[in-house]
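Q: Structure for this input, please:
(one chain, ligands or ions: 3)
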Amino acid sequence: MHRKNNIKKISKKGILPSVLLFLVFIGICQGMFLSFVISFAGYVIDSKASNFYDRAKQIGQIIETNTRDMELSDAVLSMKPYLSEQEDIAITDENGQILLQFGHTAPDFNRADQISIMDNYVIYPDVNTEIPTESTLNIPYLELLQRSLDIMTENKSDNWDEWLGRNIIDSPFWTEIPIQADGFRIYYKDRITLAARNALYIMEAIVLDAVLLVIFLIILFINVLSSVLTQRRIVNLYYLDTTTEGKNWLYFIQRSNKILCRLRNAGNTYAVVNLHMDRFQDYCACYGNRDGEELLKKMNAFLQVNIGRQETFARFAAADFGLLLRCQDAQSCEKRIKKLLAELTGIPNDRIISFHAGIYMISPSARHQKSAESVQPRRQLDVNQLYHYANAARESLPEKDTKHIKLFDDEILQEQLWKRKVEDMMEPALLNREFQIYLQPKYNPISQKIVSAEALVRWISPTDGLIPPGRFIPIFEDNGFITRLDDYMIGAVAKLQSEWKIQGKKSVPVSVNVSRANFTKENLADHICQLIDSYGADHTLIELEVTESAFFGDKEMLQKIIRELKSYGFRISMDDFGAGYSSLNSLKDLPVDVLKLDMDFFRGEDTKKRGEIVVKETIRLAKALKMQIVAEGIERKEQVEFLAAEGCDMIQGYYFAKPMPVSDFLERMELN
Ligand code: C2E
Ligand code: MG
Ligand code: MG
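A: Residues are numbered from 1 along each chain as shown. Ligands and ions are numbered 1, 2, ... in the order given. From the prediction side, this is the model:
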């Protein structure tokens with residue numbers, strides 16, 4: 001969940017903030033440029049207008065001086081020779097009615113507010129001059145920019161100097177002359193001009209701004225593009241399975257959820273599949289890790305081609321792939337997987353590989369079902385859990401199965417629920433001492449006396465009663481709790497032996513199982529020794545049973561641990577010899593004291609004769625290697641007789657006794 005949020009953060013972080021930041025930056029730059037251009041244009045126009053006003057003030061001073069000797073009208077008239085052709089003076093009454101003027105035009109007081117109010121003087125347009133009124137902004141220099149643009153585009157002359165000399169603005173304007181004249185107002189008119197030369201700077205600023213804007217936009221585009229590409233690369237890396245170079249498990253989970261929750265897939269049946277290549281480890285050991293990886297890549301490429309758009313897949317671990325397939329029903333799904341498995345088997349031309357698959361079916365969404373109550377909403381489905389159900393279905397296939405495909409069913413569900421229950425209960429059970437030690441005697445077949453015993457665990461649960469080891473040992477082996485249980489049992493056996501010694505009871509060596517999971521601990525021998533010594537038990541009365549399968553692990557480590565244990569005086573037995581994949585080599589390499597023949601040797605009527613030959617020869621072999629022999633699972637008299645005749649040292653089986661509580665065992669020992 002956390003990883004999913006991270007990748008979402010990466011996706012969002014990638015573009016949005018940088019684009020927004022960049023747009024804000026462009027906005028600020030544009031604002032700064034615009035205000036610069038506007039103030040510059042304003043400055044140019046303001047200086048023109050103030051020249052105009054200065055002239056009006058100068059004329060006003062002359063008129064004011066003249067009024068000392070003459071009437072106001074005469075003083076105004078006396079100015080005429082000093083005025084240029086485009087200059088004009090007008091006298092109005094207080095209501096703006098013209099009383100005297102040189103030219104034929106007049107200030108247009110009605111439009112005064114549309115022109116400009118500069119600092120503390122007012123400029124009025126001329127009544128005869130067309131002032132464009134569309135500018136709602138009421139800023140004349142925007143007008144000016146517009147005009148300069150017009151002139152630039154209209155300019156057909158190649159003569160640059162001539163063009164620069166042209167006027168962009170050339171309009172008559174009026175302003176009031178500041179003069180004391182009771183009941184009268186005097187206005188001065190001149191043409192205000194603005195040459196293209198003056199506007200050129202403004203134009204340059206505008207062009208520069210436009211160029212900068214384009215550059216910014218290009219940078220923005222490149223920035224966004226590169227962050228999109230980087231983000232895509234990160235996401236791809238995030239979902240990469242480095243071994244197959246395909247997608248990883250996280251991708252599978254997220255993509256599966258997406259597909260399953262898609263509205264248009266609501267009516268479809270889906271299957272979560274665990275596809276498992278058998279003995280991939282052996283393949284790697286045989287052909288090398290590189291070939292193993294090559295094979296996984298090929299499998300990935302094959303699935304890539306054979307998986308649809310509304311389906312997905314990814315490698316889970318080792319050579320296990322998870323698939324989400326769209327199927328009509330379980331039958332068609334099985335058919336399709338069968339075909340896939342057959343084709344996958346053919347991937348390495350000259351090498352034999354095989355596959356098994358487990359399937360968990362997902363029904364269409366609730367609203368596509370007649371009885372919707374039993375259907376879990378797809379949004380709530382935990383694809384990872386479903387994959388483990390499919391995996392459990394595959395693992396439940398019997399070893400000798402030929403179908404290679406198994407659908408998850410209620411029986412497997414019950415197993416899964418039991419597994420969870422056991423995992424919830426195991427810790428408190430250990431604390432509450434619910435695990436109890438049972439002893440199964442081992443008899444000498446000739447004297448028919450107890451010569452040893454095996455300690456076997458029983459779980460006496462207050463809720464579930466007596467639970468046999470087969471129901472929980474494999475679960476503990478899976479989750480690692482077995483090492484804790486083994487410690488508990490070894491301690492319990494040591495305690496028993498030391499109590500018997502203190503109480504002066506007759507005693508025989510007791511063997512205890514040490515699961516193969518322990519053999520990854522380098523200091524195992526010291527650990528066991530300390531545990532036993534903490535109860536003060538005699539080492540020679542304790543035997544440690546190691547199952548034969550443990551002998552296929554790290555052989556050197558195992559040899560070292562066994563030698564150490566033996567040096568501390570413990571006896572070592574090889575349990576279940578002959579079950580599964582036996583290797584005579586383990587007899588050669590490992591200095592064990594006791595060989596326990598698996599009960600499978602004594603099962604099956606049709607192979608009885610052959611079995612007897614194997615047992616006979618194994619006993620001979622063990623004797624030659626100076627090992628003691630224990631036969632397990634002996635239930636019948638003739639088996640005992642046969643084993644006694646062949647020189648088997650001990651018999652452990654229901655014929656003599658089943659595993660029993662310690663008190664029952666002690667009673668038997670009394671009679672021994
Ligand atoms: P194992 O160590 O090979 O123990 C022998 C199993 O064979 C015992 O099963 C025993 O009850 C059963 N058995 C003995 N004689 C006969 C017979 O004549 N007929 C039949 N049908 N069965 C017979 P159990 O007690 O159910 O234990 C099963 C396995 O669970 C053990 O096989 C051992 O691998 C494991 N186990 C039991 N207790 C412990 C323990 O404390 N620690 C570890 N690591 N494993 C244990
Ligand atoms: Mg055993
Ligand atoms: Mg055994």
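Q: From now on I want contacts and neighbour counts done on CA atoms only, so please keep to that.
A: Noted.
Q: From Ile168, how far off is the residue in the chain that ligand 3 sits nearest to?
A: Nearest residue of the chain to ligand 3 (Cα to the ion) works out as Asp576 at 4.2 Å. For Asp576, the distance to Ile168 (Cα to Cα, to the nearest Å) stands at 109 Å.
Q: And Ala318, by the same measure?
A: Using Cα to Cα, we find Ala318 at a distance of 82 Å from Ile168.
Q: and those two? which has more neighbours close in?
A: The residue with more neighbours, out of Ala318 and Ile168 and counting by other Cα atoms under 10 Å, is Ile168; that gives 24 against 15.
Q: If we go by neighbour counts, what in the strand or helix carrying that one is buried?
A: Ile168 is part of strand 167-176 when elements are defined by DSSP states H and E. Within strand 167-176, the residues that qualify as buried are 167-169, 171-176, counting by 16 or more other Cα atoms under 10 Å.
Q: And the contacts of the helix or strand just after it?
A: Stepping forward along the backbone from strand 167-176, the first helix or strand reached (DSSP H and E) is strand 184-195. Residues lying outside strand 184-195 but in contact with it, judged by Cα atoms under 8 Å, 6 or more residues apart in numbering, are 45, 48-49, 52, 56, 86-94, 96, 107, 164-179.
Q: ok, is stretch 593-605 in contact with ligand 3 or not?
A: No - using Cα under 5 Å from the ion, stretch 593-605 stays clear of ligand 3, coming no nearer than 5.8 Å.
Q: For that stretch, list the C-alpha coordinates in PDB.
A: Listed next in PDB are the C-alpha coordinates belonging to stretch 593-605 (Å, rounded to 0.1, in the frame of the first residue of the first chain):
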ATOM      1  CA  ASP A 593      24.700 -44.100  14.900                       C
ATOM      2  CA  VAL A 594      21.200 -45.300  14.100                       C
ATOM      3  CA  LEU A 595      19.300 -45.800  10.900                       C
ATOM      4  CA  LYS A 596      15.500 -45.700  11.100                       C
ATOM      5  CA  LEU A 597      13.800 -47.500   8.300                       C
ATOM      6  CA  ASP A 598      10.800 -45.700   7.100                       C
ATOM      7  CA  MET A 599       7.400 -47.400   7.500                       C
ATOM      8  CA  ASP A 600       6.900 -47.300   3.700                       C
ATOM      9  CA  PHE A 601       9.200 -50.300   3.500                       C
ATOM     10  CA  PHE A 602       6.600 -52.300   5.300                       C
ATOM     11  CA  ARG A 603       3.500 -51.200   3.400                       C
ATOM     12  CA  GLY A 604       2.000 -52.600   0.200                       C
ATOM     13  CA  GLU A 605       1.200 -56.300  -0.200                       C
END
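Q: packing partners for the helix or strand containing Ile437?
A: Under the assignment given by DSSP H and E, the secondary-structure element containing Ile437 is strand 435-443. Here strand 435-443 is seen to pack against strand 450-461, helix 482-503, strand 650-652, strand 660-661, helix 662-671 when contacts are counted using 3 or more Cα pairs under 8 Å, 6 or more residues apart in numbering; DSSP states H and E.
Q: The second one and ligand 1, any residue contact?
A: Yes - applying Cα under 6 Å from any ligand atom, one finds helix 482-503 in contact with ligand 1 at 486, 489.
Q: Parallel or antiparallel, list what pairs with the helix or strand just after that helix.
A: Once helix 482-503 ends, the next helix or strand along the chain (criterion: DSSP H and E) is strand 510-514. Partners of strand 510-514 in the sheet, by DSSP bridges, are strand 450-461 (parallel), strand 542-547 (parallel).
Q: Report all helices and strands that the helix or strand just after the shortest one contacts.
A: Reading on from strand 542-547 to the C-terminus, the next helix or strand found by DSSP H and E is helix 555-567. In terms of contacts (3+ Cα pairs under 8 Å, 6+ apart), helix 555-567 is packed against helix 524-533, strand 571-577.
Q: Leu240: which of the strands paired with strand 510-514 is closest?
A: strand 542-547 (39.8 Å; Cα to Cα).
Q: Put the alpha carbons of that closest one into CSV.
A: Coordinates of each C-alpha in strand 542-547 appear next as CSV, following Å, rounded to 0.1, in the frame of the first residue of the first chain:
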residue,chain,number,x,y,z
ILE,A,542,19.5,-38.5,24.5
GLU,A,543,19.3,-39.3,20.9
LEU,A,544,18.7,-36.8,18.1
GLU,A,545,16.6,-37.8,15.1
VAL,A,546,17.3,-36.0,11.9
THR,A,547,15.0,-36.7,8.9
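Q: outside of it, which residues touch it?
A: When contacts are taken as Cα under 8 Å, 6+ apart, the neighbours of strand 542-547 outside the stretch itself are 493-494, 509-516, 570-577.
Q: Tell me what angle it forms with helix 555-567.
A: Using axes from the mean of the first three to the mean of the last three Cα atoms, to 10 degrees, one finds that strand 542-547 and helix 555-567 are set 160 degrees apart in direction.
Q: wait, does strand 542-547 contact ligand 3?
A: No - using Cα under 5 Å from the ion as the criterion, no contacts between strand 542-547 and ligand 3 are found, and the smallest distance is 7.3 Å.
Q: What mean pLDDT does stretch 524-544 get?
A: In this model, stretch 524-544 carries a mean pLDDT of 97.
Q: wait, I meant stretch 169-189
A: 85.
Q: do the same with stretch 396-408
A: If you average the pLDDT over stretch 396-408, you get 88.
Q: contact partners of it?
A: 330, 334, 337-338, 355-361, 389-390, 392-394, 412.
Q: Buried ones in that stretch, by neighbour count?
A: When burial is assessed from 16+ other Cα under 10 Å, stretch 396-408 yields the following buried residues: 396-397, 404-408.
Q: that older thread, of the strands paired with strand 510-514, which shows the lowest average pLDDT?
A: Taking the mean pLDDT of the strands paired with strand 510-514, strand 542-547 comes last: a mean of 94.
Q: what's the angle from that strand to helix 524-533?
A: Strand 542-547 and helix 524-533 are oriented at 140 degrees to each other (the same axes, to 10 degrees).
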